[in-house]
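S.K.: Need coordinates for the following:
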Amino acid sequence: LRIVVDSRRRTVHFLRRMPLQDLLDKANSSDWQSTAIDEQAWLRNYQTEVVESHGIESLWWRLAAERDCMLPDPGHEAIQLTAWPDLDPGIADPHWALLLACLLQRSWEAGELARATRLDTSMVHRLIYVARASGLAGVGNRPRLGSMLASRPVATTRSFFKVAKHFGLKLLGLQHG
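M.R.: Predicted coordinates:
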């Protein structure tokens, strides 16, 4: 299996006979090797073999959806999402909507977010790790939830409705799709 990662453009190029699902299936393999190549080697030896390309961010979110893919512990530093992730709602767990909405609103530590949402700690850890790996994790101030709702009720409500619409969910008995 061969891929080329362009870290400057945050893109992964799949070479001939390398479908995306093969990469996802082999993500836990311990025998991956990497070799740095320069721009001339890329153009001369690999560019013509590219059959598809994906943003690194979207691949991280696809890996998060793969239940058997082992991802490291995200650590204890609180994070806040800087933007909504590039993910396919068809592969995302429905519980991700709540977690991502919380992470868009303010910074959270993994254990704190799991307790607040009453969701599985391993799911929260996966999402926080992938948010960091995909470059969407920022570190922000940590306002109290009560003060955030009191000072920005319209913005907070609008944000939750946007998340509901994105996933085609009902919120407060209304369809937002």
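
S.K.: Please count neighbours and contacts with C-alpha atoms only from this point.
M.R.: Will do.

S.K.: For the residue nearest to the spatial centre of the chain, what are phi and psi?
M.R.: Residue closest to the mean C-alpha point of the chain, counted by Cα atoms, centre = their mean, is Trp61 at 4.0 Å. Taking degrees, to the nearest 10, you get phi -70, psi -30 for the backbone angles of Trp61.

S.K.: Helices along the chain, start to end?
M.R.: Listed in chain order, the helices of the chain (DSSP state H) span 20-25, 39-41, 56-65, 96-105, 110-117, 121-133, 145-151, 153-167.

S.K.: Packing partners of the third one?
M.R.: Under the contact criterion of 3 or more Cα pairs under 8 Å, 6 or more residues apart in numbering; DSSP states H and E, the helices and strands touching helix 56-65 comprise helix 121-133.

S.K.: ok, of the helices of the chain, where does mean pLDDT dip lowest?
M.R.: Comparing mean pLDDT over the helices of the chain, the weakest stretch is helix 145-151, at a mean of 35.

S.K.: farthest residue from the center of this protein?
M.R.: Going by Cα atoms, centre = their mean, the residue of the chain most distant from its centre is Arg44, 32.6 Å out.

S.K.: any idea how far it lies from His13?
M.R.: Summarising the geometry, the distance separating Arg44 from His13, computed by Cα to Cα, to the nearest Å, is 15 Å.

S.K.: quick one on the thing from earlier: you'd agree the residue nearest to the centre of the chain is up against Gly90?
M.R.: No - using Cα atoms under 8 Å, Trp61 makes no contact with Gly90, being 11.7 Å away.

S.K.: Just give the nearest non-adjacent residue to Leu20, would you?
M.R.: The spatial neighbour of Leu20 that comes closest, neighbours along the chain excluded (Cα to Cα, 6 or more residues apart in numbering), is Phe14 at 7.5 Å.

S.K.: what sits against the one you found?
M.R.: Arg2, Ile3, Val4, Leu20, Val50, Val51, Glu52, Ser53 (Cα atoms under 8 Å, 6 or more residues apart in numbering).

S.K.: Ala36: which of the residues you listed is nearest?
M.R.: Nearest to Ala36 out of the contacts of Phe14 is Val4 (Cα to Cα; 9.4 Å).

S.K.: show me the contacts for the residue lying closest to the closest one once chain neighbours are set aside.
M.R.: Once flanking residues are discounted, Val4 sits nearest to His13: 5.0 Å by Cα to Cα, 6+ apart. His13 is in contact with Ile3, Val4, Val5, Asp6, Val50, Val51, Glu52, Ser53, His54, counting by Cα under 8 Å, 6+ apart.
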